[in-house]
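A.B. asks: Give the three-dimensional model of this entry:
(chains A, B, C and D)
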2 protein chains.
Amino acid sequence: MFELSQVRCFVAVAEELHFGRAAARLNMTQPPLSRQIQILERILGVKLLQRGNRLVRLTPAGQSFLTEARLILKLTESAALLARRVAEGKAGSVNIGFTAASSYSYVPELVAACRQQLPDVELILKEMVSGDQLKRLGAGEIDIGLLRPPIPRTGLQFFRVKAERMIAAVPAGHKLAGATTIDLSDLAAEPFITYAPYEARYFHDLLVELFSRAALAPVYVQHLAQIHSILAIVQAGVGVALVPEAAEKLQFRGVALRPLADDQQRAAELYFVWRDDNDNPLLPVIAAIARDLAGA
Amino acid sequence: MFELSQVRCFVAVAEELHFGRAAARLNMTQPPLSRQIQILERILGVKLLQRGNRLVRLTPAGQSFLTEARLILKLTESAALLARRVAEGKAGSVNIGFTAASSYSYVPELVAACRQQLPDVELILKEMVSGDQLKRLGAGEIDIGLLRPPIPRTGLQFFRVKAERMIAAVPAGHKLAGATTIDLSDLAAEPFITYAPYEARYFHDLLVELFSRAALAPVYVQHLAQIHSILAIVQAGVGVALVPEAAEKLQFRGVALRPLADDQQRAAELYFVWRDDNDNPLLPVIAAIARDLAGA
DNA sequence: ATGGTCCGATACCAATTTTGGATCAAATGG
DNA sequence: CCATTTGATCCAAAATTGGTATCGGACCAT
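C.D. replies: Numbers count the residues shown, from 1 in each chain, chains lettered A, B, ... in the order given. Coordinates of the predicted model:
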């Protein structure tokens, strides 16, 4: 097969229509240029140039090949450029896992910031629960996880990007909706909707801890995994619930969200996690963006 | 800049993820392969492969470059293939000039035959009068002319593809429309529509010769260049005319076309013309098709 | 632990290819 | 008809490429 140097030679000759000038442009002398063209023609099995004694013309095959040759050269350059940009972390793609809850409050800001600062970067977002994210991180199927504790120490790096309180969600017409804050004990007296112990283990455990510390034992009427499902059930008047602050972003009609009165609770945390041996050059760049966002 | 051989090396290694196997696939040994990859990486200024001691992985830049590399290789192959096809006269493009009249009868068949036998060939058709075609042939702006005599001998090759009689065109209701054939003298007695002496010089001269040989002198009521204009005027009842047989293809309503009774006329000829130094490989191929068509 | 094995990198050598100066051959133009 | 232009050819020198032998690190089985 032919080589790119031969393609460059051919393009130069085809553009100059003169071996001498083309050779000068290529910083070489005329004889090797002639030979390279001959070799190219032999490889292709096609005459590309019609050498008249006073003029060089392109044959139709040469004309056709010239078009393709220019394309090939352009493509090689852009391939090299792209590879460099990817290596610098200015282009490429990252797979990001995120929990459903983070899609309300943190993910949109992160995506917006990346879009702005890294316009050529493709973010591939995959919603999944924290446990799956850890598994996929280990398998290298996602580069970044946005997930809830606990995080095993095995080869993972992470930092916290969000810590939010849980706030009470009660039906709009409910008697507790009148106050600006709600006592945890009042809430625990109502029929309580909470998180599924497996799919939403983190929130489930968080609430269990919260109530047991306050020596309360609410009546659980429903287990659900998704915040919007919980809010929908609250809206329907089935009971009350505790949801992360991020739920305010949802603007759920018919549901009043009120902070808790005596707020000693441990915050619900969201972490930015990656494998420390992940060599995606975008990782440090996006981590920096994520950190900035978390600090603000 | 890098070379295609290096790209091929890289693709092989990226696909095998193993230098030894890749080298075998490339019919070479492992050390030079390693070196080529290193050179490629140095040229790009980017690490493409992560060499672990037991496994080779692609870096993100390598992943990106692999995609582009495959594209480049595919493009080079198709470029070579296309050049060969063009040289063989199986692909490419030809500029063809044709007269308005030939577009009724000969051009459609020629185009259809080319489409069928040379599906990848682009025919660029340009309607122009014979004189312009000769000029453009000289300038190399068209490869083929389909035109009327006279043809100068200067560096042109040609053969006849069509010789058609002139037939009478009379309004459908006209008294002459009743007969199956029409005498030239009867026609000459009617108001006569004929060809513009410049734009349609060939037909003009042909008719002048025809009438003068028959010692007739019709009354010309209108000069027109285009056959369909002439037929429209005939249809409107302005007069009668003589048009080439090809006019039958037009299926002009309200116009009766009748052959002449004593048909000693010189036929209207159409020629396939090209510059003998035109090196478009499609030329002999299309000329052969055109000749076949003319013979049939 | 430890020797064996796998795998890519390195060193060095031989063969091929490429390069560029000199020269040639053909054709144009004064 | 000769000077000039232009691509092709020849040849010696230089560079590149590919191969063999070997190294060094990591994993594995014993």
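A.B. asks: Just confirm residue A:247 contacts residue A:165, I think it does.
C.D. replies: No - with contacts counted by CB atoms under 8 Å, residue A:247 stays clear of residue A:165, the gap being 11.0 Å. From N, CA and C alone the C-beta is placed, and that goes for glycine too.
A.B. asks: of those two, who's got more company?
C.D. replies: Looking at residue A:247 and residue A:165 with other CB atoms under 10 Å in any protein chain shown, you find the greater number of neighbours at residue A:247, namely 24 against 14.
A.B. asks: Leaving out sequence neighbours, find the closest residue to the more buried one.
C.D. replies: Leaving out its chain neighbours, the residue that sits closest to residue A:247 by CB to CB, 6 or more residues apart in numbering or on different chains is residue A:227, at 5.6 Å.
A.B. asks: Any residue of the lowest-mean-pLDDT helix or strand in chain A touching DNA strand D?
C.D. replies: Within chain A, no helix or strand scores below strand A:56-58, which has a mean of 84 by mean pLDDT, DSSP states H and E. Yes - remark: strand A:56-58 sits within contact range of DNA strand D at residue A:56, by CB under 7 Å from any atom of the strand.
A.B. asks: chain center to that strand: distance?
C.D. replies: From the chain centre to the centre of strand A:56-58 is a distance of 51 Å (CA atoms, centre = their mean, to the nearest Å).
A.B. asks: wait, doesn't the residue nearest to residue A:247 sit right on residue A:102?
C.D. replies: No - judged on CB under 8 Å, residue A:227 makes no contact with residue A:102 at a distance of 10.5 Å.
A.B. asks: Common neighbours of these two, please.
C.D. replies: Counting by CB atoms under 8 Å, 6 or more residues apart in numbering or on different chains, the contacts common to residue A:227 and residue A:102 are residue A:246.
A.B. asks: Up against DNA strand D, what does chain A have?
C.D. replies: Checking chain A against DNA strand D by CB under 7 Å from any atom of the strand, the hits are A:18-20, A:30-31, A:34-35, A:37-38, A:51, A:53-54, A:56.
A.B. asks: do that again at 10 Å, thanks
C.D. replies: A:3, A:5, A:13, A:16-23, A:29-38, A:41, A:47, A:49-56 (CB under 10 Å from any atom of the strand).
A.B. asks: Just the buried subset of the residues you listed, please.
C.D. replies: A:3, A:5, A:13, A:16, A:19, A:22-23, A:33-34, A:36-37, A:41, A:47, A:49, A:56 (16 or more other CB atoms under 10 Å in any protein chain shown).
A.B. asks: DNA strand C: which of those is nearest?
C.D. replies: residue A:36 (5.4 Å; CB to the nearest atom of the strand).
A.B. asks: and the nearest residue in space to residue A:84 that is not next to it in sequence, how far is that from DNA strand D?
C.D. replies: Leaving aside its chain neighbours, residue A:84 sits nearest to residue B:46 (5.6 Å; criterion: CB to CB, 6+ apart). Remark: distance between residue B:46 and DNA strand D (CB to the nearest atom of the strand, to the nearest Å) = 19 Å.
A.B. asks: Confirm for me that residue B:46 is in contact with residue A:81.
C.D. replies: No - taking contacts as CB under 8 Å, residue B:46 lies outside contact range of residue A:81: 10.3 Å.
A.B. asks: Looking at the two, which is more packed in?
C.D. replies: Using other CB under 10 Å as the criterion, residue B:46 and residue A:81 rank with residue B:46 on top: 23 against 13.
A.B. asks: How far away from the center of its chain is stretch A:81-88?
C.D. replies: Offset of stretch A:81-88 from its chain centre (CA atoms, centre = their mean): 18 Å.
A.B. asks: Tell me if it is near DNA strand C.
C.D. replies: No - using CB under 10 Å from any atom of the strand, stretch A:81-88 never reaches DNA strand C; the gap is at least 16.8 Å.
A.B. asks: Next, the buried residues of that stretch.
C.D. replies: Judged by neighbour count (16+ other CB under 10 Å), stretch A:81-88 contains these buried residues: A:82, A:83, A:84, A:85, A:86, A:87.
A.B. asks: what does it contact?
C.D. replies: Residues contacting stretch A:81-88 (CB under 8 Å, 6+ apart): A:91-92, A:120, A:281, B:44-48, B:59-65, B:68.
A.B. asks: ok, and which of these reach DNA strand C?
C.D. replies: Restricting the contacts of stretch A:81-88 to contacts with DNA strand C (CB under 10 Å from any atom of the strand) yields residue B:47.
A.B. asks: which among the contacts of stretch A:81-88 end up buried?
C.D. replies: The neighbour count (16+ other CB under 10 Å) marks A:91-92, A:281, B:44, B:46-48, B:59-65, B:68 as buried among these.
A.B. asks: of those, closest to residue A:174?
C.D. replies: Nearest to residue A:174 among those is residue A:92, at 49.8 Å by CB to CB.
A.B. asks: Could you report the distance from the closest one to DNA strand D?
C.D. replies: Distance of residue A:92 to DNA strand D, computed by CB to the nearest atom of the strand: 26 Å.
A.B. asks: and the nearest residue to that residue once chain neighbours are set aside, how far is that from residue A:113?
C.D. replies: The shortest distance from residue A:92 to any residue other than its chain neighbours is 4.2 Å, reached at residue A:86 (CB to CB, 6+ apart). Using CB to CB, to the nearest Å, we find residue A:86 at a distance of 20 Å from residue A:113.
A.B. asks: pretty sure residue A:148 contacts residue A:131?
C.D. replies: No - with contacts counted by CB under 8 Å, residue A:148 stays clear of residue A:131, the gap being 9.4 Å.
A.B. asks: So between those two, which is more surrounded?
C.D. replies: Using other CB under 10 Å as the criterion, residue A:148 and residue A:131 rank with residue A:148 on top: 23 against 14.
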